[in-house]
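**Q** just need the structure, nothing else, for what follows:
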Amino acid sequence: MRLQFRGKTYERPNLDMDVSEGEVGGIYRGTAWKVHYLKEQHHRNQIKSDLTYRGIHYIKD
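**A** All right, here's what the predicted structure looks like:
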């Protein structure tokens with residue numbers, strides 16, 4: 001997918017995930033919607049980031 005932000009374009013990788021459909025989670029505008037569950041658990045990489053906000057340096061866990 002091609003995206004654009006402030007005049008710069010970049011490609012977003014396609015994230016295909018296998019999901020299974022669950023029970024009805026509720027009704028929105030008269031239509032029932034179902035809960036979806038990931039078939040595999042995906043974990044975010046735990047990377048510490050050195051960040052700066054208005055000249056103050058800090059580390060985000």
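**Q** the closest residue to residue 14 other than its chain neighbours: how many residues sit nearby?
**A** Distance criterion Cβ to Cβ, 6 or more residues apart in numbering; nearest residue to residue 14, sequence neighbours excluded, is residue 1 at 7.0 Å. Every residue, glycine included, has its C-beta placed from N, CA and C. Residue 1 is flanked by 8 other residues according to other Cβ atoms under 10 Å.
**Q** do I have it right that residue 1 meets residue 9?
**A** No: between residue 1 and residue 9 there is no contact under Cβ atoms under 8 Å: 10.9 Å.
**Q** who's in contact with the residue sitting furthest away from the middle of the chain?
**A** Residue farthest from the centre of the chain, counting by Cα atoms, centre = their mean, is residue 55 at 28.6 Å. By Cβ atoms under 8 Å, 6 or more residues apart in numbering, no residues touch residue 55.
**Q** each with direction, which strands does the lengthiest strand in the chain pair with?
**A** Ranked by number of residues, the top strand in the chain under DSSP state E is strand 19-28. Sheet pairing here is set by DSSP bridges, and for strand 19-28 it gives strand 31-38 (antiparallel).
**Q** mind listing what the following helix or strand past the partner strand pairs with, with the direction of each?
**A** Heading C-terminal from strand 31-38, the first helix or strand you meet, by DSSP states H and E, is strand 49-53. Applying DSSP bridges, strand 49-53 is found paired with strand 56-60 (antiparallel).
**Q** can you give me how far the partner strand is from the chain middle?
**A** 23 Å (Cα atoms, centre = their mean, to the nearest Å).
**Q** same thing with stretch 19-31?
**A** 20 Å.
**Q** contacting residues around it?
**A** If you take Cβ under 8 Å, 6+ apart as the criterion, stretch 19-31 is touched by 32, 33, 34, 35, 36, 37, 38, 39.
**Q** show the pLDDT at the last one.
**A** When you say that, I think you mean residue 39. pLDDT for residue 39: 81.
**Q** now it: phi and psi?
**A** Backbone torsions of residue 39, given as degrees, to the nearest 10, read phi -70, psi -30.
**Q** I am finished for the moment; much appreciated.
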